[in-house]
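Q: Okay, here's the prediction I keep looking at, along with the sequence it came from:
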Amino acid sequence: MKVEEEEKQYFVIDFDSTFTKVEALDILGEISLSNHPERNTRLQKIKDITDLGMAGEMSLRESLIARIQLLNGNRAHLPELISRLSKLVSKSIERNRVFFDEHPEDTFIISNGFKEFIVPVVTKFGIKADHVFANDMIFDEEGNIIDLNRNNVLSINGGKVKQIEALKLKGQINMIGDGYTDYEVRQAGMANNFYAYTENVEREPVKKHADHIAPSFDEILYHKKMSGALSYPKNRIKMLLLESVHPNALAKLKEEGFSVESYPAGLDEDELCKKIKGIHVLGLRSKTQVTAKVVREADKLMAIGAFCIGTNQIDIEAALEAGIPVFNAPFSNTRSVVELAIAEMISLMRGISDKNRDMHQGIWSKTAKNSFEIRGKKLGIIGYGSIGAQLSVLAENLGMDVYYYDLVEKLALGNATKCDTMEELLAVADVVSLHIDGRPENGNFFLREHFQMMKNGVIFLNLARGPVVDILALKEAILSGKVIGAGVDVFPEEPNSNNDPFTSELMGLPNTILTPHIGGSTLEAQENIADFVPRKIMDYINTGNTENSVNFPNITLPPLKDAHRLIHIHKNRPGVLAKINNTLAEFDANIVGQYLKTNEAIGYVITDINKQYGKELSKSLKKIDHTIKFRMLY
Ligand SMILES: NC(=O)C1=CN([C@@H]2O[C@H](COP(=O)(O)OP(=O)(O)OC[C@H]3O[C@@H](n4cnc5c(N)ncnc54)[C@H](O)[C@@H]3O)[C@@H](O)[C@H]2O)C=CC1
Ligand SMILES: O=C(O)CCC(=O)C(=O)O
């Protein structure tokens, strides 16, 4: 009996900024001071006093009284406060409702806040009203909050320690909170563990004293080996974002609870091989090369997000064979590239870059020589995919005559003319714009012979990929006058970051616009990408969805409901599905849904079962021959 009592786990949870995302008195202030002339200064003072109290720099009672005096609160404000707080419960607490429902005897709220609003909020989670220990408000006859019950132990410093002592709980006491008064309980020896709760606020001095840092309630349950809402806490999923991915992406992923680290620059292969250890999700743009070696070194990698269109920088076959889906943003920067191409075409037709340079040097060269309208000119688009096609539409609207060439059959938009060969296109085009992708076979795609096939005096644009064009042949073509203007945004060698030097054979050439791979670098595009790619990654992690993955079989799954989801990735060999199902049958697991898709390399099977599985089932599924990766969701 004694042993059982000692092993019992109690969870003592703070309310403000722990159970809820916010400090309740701040919210009360927003309500009670809404029409007060000193609203903003008072609200700020209330926040400052809260922080001083939290940091242990002001006595608790002093801070409570000072805030009550500033608040102008009344009993009539409480219903709105309770309603707002109920909507501001911490995400992971909300997610683990079932845990609270199932553990009413083991869960306590001990807070220096007030019962008047805490009890109505937490009892909706099954927490017992008599397990809530907090201060009591004193009201006057008009219902104004004028004081607090000064006999309540929670109105003084060290009150939480005394309160827990009085409860005489027998077992392991886990103290969970974000402030100094929560840590004090552990320090006084009245709790066995102190979890510094960082889901809403992080206080370094509090974290320093913690036995464990808990960015979510899932983490606490995982650490205690108890079952919670998630099979694996999200804060344990580490994401590394490179190359100045837009901060919205970071914010979104952090908000979802993942641990995210970001770097402004790209990494070379050796650096990445080191950094990739322990990383679950890698995010990058066009610079960082994810080679087969990087994939081999990646011990935990679950997904790769290309925060751009091109995925040539990633060995997607190696990733596929390792069971790692790659996601990109296929349309988020399309328009930005097209607008840059249009702008360059017009600028180059008018010699703007040279004229601008001359003006800055005090040279006035007003002339129409080599200046043309784009209207009526023939635009040859090589690669009629999303960018090529969009360029076709806008260029035609500007009065250009569009010709295009693509490896595969494409619908001609508007009045565009399809060319069966590149020669055909090069023979007619006044402007040639490359929009093919950067697949390895496209290296050295556009060579000296192609420049020779062009008419004299053309404009040439490469906003696709650097290695696609023989750069020396382009230089010759510019110097010979074959090409009278060039716009180049991408280079065979690009610096890792803005702090690294850039050099190119094309520097200093006439009427040549060089840009630092900014085709997709508009705020609009970056924001779109920062919305799109994290959504795909989160969807994959949370549900197994692979819709839009560039290398994985695409499966769109229904949301997981009252079931456990088993995600099995295996080499595409006959009989694996049968073995999965035999194993499930052995464990008496009833299949409520199953989804399978294969490609040449892998099979992707999702099975939803309606039974609590044991560790043995997952071990057996992992052991099936040809298994690459297995994970479970619930
Ligand atoms: N400069 C920049 O910042 C940006 C550059 N890009 C580059 O633009 C490329 C194209 O983007 P999207 O149009 O969205 O891709 P997409 O995949 O929709 O279009 C590419 C088209 O090129 C065709 N193609 C590929 N190789 C070819 C070849 N050898 N000959 C003829 N046609 C060929 C394909 O069949 C496809 O229709 C990206 O892959 C990326 O490398 C994309 C975004 C920004
Ligand atoms: O913005 C970037 O870093 C890369 C843009 C690009 O080349 C792409 O989207 O493929």
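A: Thanks, I have the structure now. Ligands and ions are numbered 1, 2, ... in the order given.

Q: To which secondary structure element type does the closest residue to residue 156 other than its chain neighbours belong?
A: In space, not counting the residues next to it along the chain, residue 156 is nearest to residue 61; the distance is 5.5 Å by Cβ to Cβ, 6 or more residues apart in numbering. (C-beta placed from N, C-alpha, C; glycine too.) What DSSP: H, G, I helix; E, B strand; the rest coil gives for residue 61 is helix.

Q: got it, and residue 318?
A: Residue 318 ends up helix, using three-state DSSP.

Q: can you tell me which residues contact it?
A: Shown in contact with residue 318 (Cβ atoms under 8 Å, 6 or more residues apart in numbering): 291, 292, 295, 296.

Q: Quote the end-to-end distance of stretch 162-172.
A: Distance across stretch 162-172, first residue to last, is 17 Å (Cα to Cα, to the nearest Å).

Q: average pLDDT across it?
A: For stretch 162-172, mean pLDDT rounds to 94.

Q: and residue 535, how many residues sit next to it?
A: A total of 16 residues lie near residue 535 under the criterion other Cβ atoms under 10 Å.

Q: Tell me which residues touch the residue nearest to it when sequence neighbours are not counted, please.
A: The shortest distance from residue 535 to any non-neighbouring residue, by Cβ to Cβ, 6+ apart, is to residue 252 (7.9 Å). Shown in contact with residue 252 (Cβ under 8 Å, 6+ apart): 530, 531, 534, 535, 538.

Q: cool, and residue 235?
A: 215, 216, 218, 219, 257, 258, 259.

Q: hang on, the fifth one packs against residue 198?
A: No: here residue 257 lies out of contact with residue 198, judged by Cβ atoms under 8 Å, at a distance of 10.7 Å.

Q: what residues do these two have in common as contacts?
A: Going by Cβ under 8 Å, 6+ apart, residues that sit against residue 257 and also against residue 198 are residue 215.

Q: okay, now the domains of this structure?
A: 2-223, 237-327, 334-519, 554-632 (automatic domain parsing).

Q: Kindly reformat those domains as CSV containing distance to residue 544.
A: What follows is the domains of the chain, written out as CSV (distance: least, Cβ to Cβ, whole Å):
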stretch, distance to residue 544
domain 2-223, 18
domain 237-327, 10
domain 334-519, 27
domain 554-632, 5
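
Q: Which one of these lies nearest to residue 545?
A: Closest to residue 545 of these is domain 554-632 (Cβ to Cβ; 5.2 Å).

Q: What is the distance between that closest one and the centre of its chain?
A: Its chain's C-alpha centre and that of domain 554-632 lie 27 Å apart, by Cα atoms, centre = their mean, to the nearest Å.

Q: Which of the contacts of residue 252 fall in helices?
A: 530, 531, 534, 535, 538 (DSSP state H).

Q: doesn't residue 248 make contact with the second one?
A: When you say that, I think you mean residue 531. Yes: between residue 531 and residue 248 there is a contact under Cβ under 8 Å: 6.8 Å.

Q: Please report the number of neighbouring residues for the closest residue to residue 630 other than its chain neighbours.
A: Leaving out its chain neighbours, the residue that sits closest to residue 630 by Cβ to Cβ, 6+ apart is residue 622, at 4.8 Å. Using other Cβ under 10 Å, the number of residues around residue 622 comes to 12.

Q: So residue 455 lies in a strand, does it not?
A: No: secondary structure assignment (three-state DSSP) places residue 455 in coil, not in a strand.

Q: pLDDT at it, what is it?
A: 97.

Q: go on, residue 1?
A: pLDDT, read off for residue 1, is 35.

Q: What of residue 54?
A: 72.

Q: Repeat that for residue 28.
A: 97.

Q: residue contacts, whichever residue of the stretch 101-250 of the chain sits closest to ligand 2?
A: Residue of the stretch 101-250 of the chain nearest ligand 2, by Cβ to the nearest ligand atom: residue 243 (6.2 Å). The neighbours of residue 243, taking Cβ under 8 Å, 6+ apart as the test, are 263, 264, 265, 266, 284, 285, 286, 287, 288, 307.

Q: Considering only these, which also neighbour ligand 2?
A: 285, 286 (Cβ under 6 Å from any ligand atom).

Q: Of the contacts of residue 243, just the buried ones, ChimeraX syntax please.
A: In ChimeraX syntax, the buried subset of the contacts of residue 243 is picked out as below (16 or more other Cβ atoms under 10 Å):
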select :263,265,266,284,285,286,287,288,307
